[in-house]
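mind looking at a prediction? Sequence and model below.
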Amino acid sequence: MFKSTTYTALLLFLCTCGPAPDGEVVKEGGDEGRQRPNIIFIMDDQHRYDAIGNLNPQVLTPTLDSLMDHGVLYEQAVCQAPMCVPSRNSIMFGMYPSQTGVFRNSGGVPDDALPGKTMAQYFREAGYETAGFGKTHWGRHRTDTRGFETRYTSEIPEEGGVLMADVAPEAKARYDAEIAEMGPGEENNVGYLGFTSALPESDHRDGWVNERAIDYIRGRDDERPLFLYLSYMKPHAGHNPPAGYEARYDTADITYAEQPPWTEDYAPHAAGVNRRELYEPYWKSASPEQWKLMTMRYYANVSWIDEMMGRILAELRRKGLLDNALVVYTSDHGESLGEHYYRFNKYSLYEASIRVPLIVSGSALPPDYEPGTVDHRPVDLVDILPTVLDAAGIPVPDALPGVDLLADPAREGGFAALHEREGEAAFMWRTPQAKLILVFERQARAADYRPEHLLTGEFYDLVADPAEWHDRYGDAEVAELEAEFRQKILAKLSAM
């Protein structure tokens, strides 16, 4: 079991079991008499898989530590596309990008052409109250709330929802002014180096969303089971946490990315897609103090989000909504903080970008799960939807490719895709021991990919080379495993 020295008394019991409240029971699947649990799904943005205190003592995350200590950590989880829009569509529809048709941040699908039901639509149709707070990022189309009865967003409007700029325009304007020099997406070098925000938390988009969620929980009087979705925009750059969070860290204790012994970038599947002209020259000449500040402020953003999660869980506990609940936490993708030759942001299939934290906790966990379990199976984020549907007794369509994480089925490996380079598509097959990335000429459909479309690849021994500095693609010593993984990728694509 994980240990943490940063608990408060409150956090120690946030996810402990309590008596199930009176309410509607599950009817499907022979579970007559079982109370339908509340489903609490919390997600943040660009959170590295290792930026959790229990995994990295440099980071202060008492809330996430507590969820892990009372639940299950899926420590081999990967996202299906390392960028916001395709990953979030994949999670919410429970489908791979080749099934949703959303491959890039410029993509998305309109309301009248959805590839399936969203997570919220499944729960609403099953009699749950559905409330959503924060970022979903469906893409370039203006959408309705896609199943949420209560909906608050800070940045992208949804028809039928409440937008921060409409009800708190002065606060939104102050925040936009503060981040203006950070550039698009707050992701230029000012955004990464960051600064301490001069604004109160309530002027920040995540702070505003968190307050609206707390107001909703306090005022809720619905007797239906609850599906609550809470999604933060940080720790994604810019690194401008509110005052007080940086003070929890000492930059002298912060370690930062070690560079490979290269003289130029090496990324066959992701060359030129990561704003290299912006990041590489700046960070090559940055001082150790700047590297430490950048990394520390990312961690400070993580701590801020962690504290807000704790406030939400405390309010849910006070309302009795955690007495019978499954709590799921993850992120849409990871974050490169200078690894792999001055690589920042996401947009690659390397470990820092593709791996994500995934925790399932709460009083509705099956009784045979020991607190503090670490599950070493490969996991795809498409597995979240069938897991929460099964927990709620909602039938899972056979067409969904995910598996119930609280049941026995295990994946052989993790799968992801990157469609950032013009005319190319890269696909990954990953186990805890090794990873193959194949680059193909892009095809119209997943089932169209053939060996003759293969352009190049990368192969990494993740045990001997966890930093992925030594590409062994084409190495005779790994030829058999490489061939096996290649067949796994082609088989996965042919089934979509």
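Arrived safely. Numbering: from 1, shown residues only.

please count neighbours and contacts with C-alpha atoms only from this point.
OK.

leaving aside the residues next to it on the chain, what's closest to residue 222?
residue 129 (7.6 Å; Cα to Cα, 6 or more residues apart in numbering).

how far away is the one you found from residue 220?
From residue 129 across to residue 220, the span is 10 Å (Cα to Cα, to the nearest Å).

now residue 341
From residue 341 over to residue 220 the distance is 50 Å, taken as Cα to Cα.

which one of those two has more residues nearby?
In terms of neighbours (other Cα atoms under 10 Å), residue 341 is the more surrounded of residue 341 and residue 220; the figures are 22 against 10.

quick one: contacts of the host helix or strand of the more buried one?
Per DSSP states H and E: residue 341 is located in helix 339-342. The contact list for helix 339-342 (Cα atoms under 8 Å, 6 or more residues apart in numbering) reads 257-260, 262, 264-266, 276, 279-280, 283-284, 352, 467-469.

so among those residues, which ones count as buried?
Among those, those buried by neighbour count (16 or more other Cα atoms under 10 Å) are 257, 260, 276, 279-280, 283, 352, 467-469.

ok, the residue nearest to residue 165 when sequence neighbours are not counted - contacts?
Sequence neighbours aside, residue 172 is the residue nearest to residue 165 in space, at 5.7 Å (criterion: Cα to Cα, 6+ apart). Each residue near residue 172 by Cα under 8 Å, 6+ apart is listed here: 164-165, 203-205.

next, give phi and psi for residue 172.
Reported as degrees, to the nearest 10, the phi and psi values for residue 172 are phi -60, psi -40.

just to revisit the earlier point, okay, the contacts of residue 172 in CSV with neighbour count, pLDDT and secondary structure next?
Shown next, in CSV, are these (neighbours: other Cα atoms under 10 Å; pLDDT from 0 to 100; DSSP: H, G, I helix; E, B strand; the rest coil):
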residue, neighbour count, pLDDT, secondary structure
164, 21, 98, helix
165, 17, 98, helix
203, 22, 98, helix
204, 22, 98, coil
205, 23, 98, helix
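
and of these, the nearest to residue 250?
Comparing those against residue 250 with Cα to Cα picks out residue 204 as the nearest, at 24.1 Å.

common neighbours of residue 129 and residue 220, please.
With Cα under 8 Å, 6+ apart, residue 129 and residue 220 have no common neighbours.

can you list the residues that contact stretch 299-306?
The contact list for stretch 299-306 (Cα under 8 Å, 6+ apart) reads 47, 51, 59-64, 232, 234-235, 239-242, 245-246, 248-249.

mind redoing it with 6 Å?
When contacts are defined by Cα atoms under 6 Å, 6 or more residues apart in numbering, stretch 299-306 is touched by residues 59-61, 63, 235, 241, 245-246.

name the member of the residues you listed with the most neighbours.
Compared across these, residue 241 has the highest neighbour count, 29 neighbours, by other Cα under 10 Å.

residues touching that residue, list them.
Residue 241 neighbours (Cα under 6 Å, 6+ apart): 196-197, 301.

and with 8 Å instead?
By Cα under 8 Å, 6+ apart, the contact list for residue 241 reads 195-197, 297, 300-301, 304.

for those, give me JSON lines that also has distance to residue 176 and neighbour count.
What follows is the contacts of residue 241, written out as JSON lines (distance: Cα to Cα, whole Å; neighbours: other Cα atoms under 10 Å):
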{"residue": "195", "distance to residue 176": "15", "neighbour count": "19"}
{"residue": "196", "distance to residue 176": "15", "neighbour count": "15"}
{"residue": "197", "distance to residue 176": "12", "neighbour count": "17"}
{"residue": "297", "distance to residue 176": "19", "neighbour count": "26"}
{"residue": "300", "distance to residue 176": "20", "neighbour count": "28"}
{"residue": "301", "distance to residue 176": "17", "neighbour count": "23"}
{"residue": "304", "distance to residue 176": "19", "neighbour count": "25"}
